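In: Got a sequence here, can you model it:
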Amino acid sequence: MAVLMEFAIFPTDKGKSVSKDVSKVIKMIQESGYKHQLTAMGTLVETPTVAEALHVVEKAAALLQTNSERIYSSIKLDIKKGAENMLVEKVKSIENKLGQ
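Out: Below is the predicted model:
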């Protein structure tokens with residue numbers, strides 16, 4: 001099984017820019033060893049299980065809660081049996097179809 005999670009998480013009480021806080025979350029994800037991709041609107045993370053994906057979110061929330069009274073998060077999950085490398089393969093599938 002593979003889980004591809006797209007999520008965004010940020011404090012709501014830090015003003016116009018939250019990049020300093022979000023960069024702490026990205027560093028934690030980088031150190032986790034999971035495949036990931038930062039985008040302008042969120043982060044993609046690939047894990048073997050749903051529990052591991054949600055653990056990333058839980059760690060991100062705990063990290064932000066140390067310096068914030070309120071955080072916002074949105075989460076989407078694609079859970080697929082027998083899959084791997086979904087972070088790359090889903091994009092390749094579309095690119096291959098566009099090339100036909």
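
In: pLDDT weak spots in this structure?
Out: Along the chain, segments meeting pLDDT under 70 span 100.

In: Grab the longest helix from it for me.
Out: The single longest helix within the chain, with elements called by DSSP state H, is helix 50-65.

In: excluding its backbone neighbours, what's nearest residue 75?
Out: Take residue 75 and drop its neighbours on the chain: the residue closest to it by C-beta to C-beta, 6 or more residues apart in numbering is residue 7, 4.5 Å away. The way it works is simple: take the backbone N, C-alpha and C, and place the C-beta from them, glycine included.

In: how many other residues sit next to residue 83?
Out: Using other C-beta atoms under 10 Å, residue 83 has 15 neighbouring residues.

In: count of residues packed around the residue lying closest to it once chain neighbours are set aside?
Out: Closest residue in space to residue 83, ignoring its immediate chain neighbours: residue 2 at 4.1 Å, by C-beta to C-beta, 6+ apart. By other C-beta under 10 Å, 20 other residues sit near residue 2.

In: One more: residue 63?
Out: Neighbours of residue 63 under the rule other C-beta under 10 Å: 17.

In: For it, which residues are in contact?
Out: 24-25, 28 (C-beta atoms under 8 Å, 6 or more residues apart in numbering).
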